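**Q** Sequence first, predicted coordinates after that:
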Amino acid sequence: MRTISFNTLDFGAIGITASARFAYNSSIHPRLFKNNNSLIYSIVIVTVTQVFITYVPGVNDTIFGMARNGMDGISWLICMSFSFGVFFVMEAEKAFRRVLRARGEDTDDREENEIFDEHVEPAPTGTKLLG
């Protein structure tokens with residue numbers, strides 16, 4: 001269970017990262033990977049690291065306390081299902097926000113007219129901002 005949980009959390013983070021590429025637009029499109037080498041590199045690095053941690057004896061059981069024999073096909077199916085599930089839940093939330101925005105609803109934190117909107121004080125005049 002620890003092995004499945006560990007991999008599911010990491011691959012779920014990949015789903016979040018992929019969905020977060022666009023704030024309102026859908027990430028279910030080939031443009032997700034266009035000019036986005038960081039996403040590709042992060043997916044490859046996390047995948048290679050997870051496979052290494054999951055299947056290398058001594059690393060998986062001694063360091064991480066995971067199953068010595070790694071994961072079987074059903075375990076990977078569970079892991080990938082949750083990863084894609086996270087991605088599609090975030091995409092559904094963005095679709096809902098697009099519908100609300102089309103209706104003229106407030107879907108960002110720029111106006112202070114909702115209970116959850118954050119109020120940000122403007123910088124005093126003459127103050128140099130970092131960056």
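**A** That came through fine. Numbers count the residues shown, from 1 in each chain.

**Q** burial count for Gly73?
**A** As a burial measure, Gly73 scores 7 neighbours (other CB atoms under 10 Å). The way it works is simple: take the backbone N, C-alpha and C, and place the C-beta from them, glycine included.

**Q** What is the burial count for Ile28?
**A** 14.

**Q** How about Met1?
**A** 8.

**Q** Check Ser83 too.
**A** With other CB under 10 Å as criterion, Ser83 counts 21.

**Q** again with Gly104
**A** Gly104: 7 neighbours (other CB under 10 Å).

**Q** for this protein, longest helix please?
**A** Taking DSSP state H as the criterion, the chain has its longest helix at helix 73-102.

**Q** Next, count neighbours for Ile4.
**A** Neighbour count for Ile4, taken as other CB under 10 Å: 19.

**Q** these two touch, right, it and Ile74?
**A** No. When contacts are counted by CB atoms under 8 Å, Ile4 is not listed as touching Ile74 (9.4 Å).

**Q** List the buried residues of stretch 43-59.
**A** Val46, Gln50, Ile53, Thr54 (16 or more other CB atoms under 10 Å).

**Q** For the last one, what is the enclosing helix or strand?
**A** By that I understand Thr54. Per DSSP states H and E: Thr54 is located in helix 37-55.

**Q** Just want the most central residue of this protein.
**A** Nearest to the mean C-alpha position of the chain, counting by CA atoms, centre = their mean, stands Ile16 at 1.5 Å.

**Q** Would you mind confirming that that residue makes contact with Val89?
**A** No. Contact status for Ile16 versus Val89: not in contact, 9.7 Å apart, counting by CB under 8 Å.

**Q** pLDDT weak spots in this structure?
**A** 108-131 (pLDDT under 70).

**Q** Where does the residue nearest to Thr3 when sequence neighbours are not counted sit: helix, strand or coil?
**A** Closest residue to Thr3 apart from its sequence neighbours, by CB to CB, 6 or more residues apart in numbering: Met66 at 4.1 Å. Put simply, Met66 is coil when judged by DSSP: H, G, I helix; E, B strand; the rest coil.
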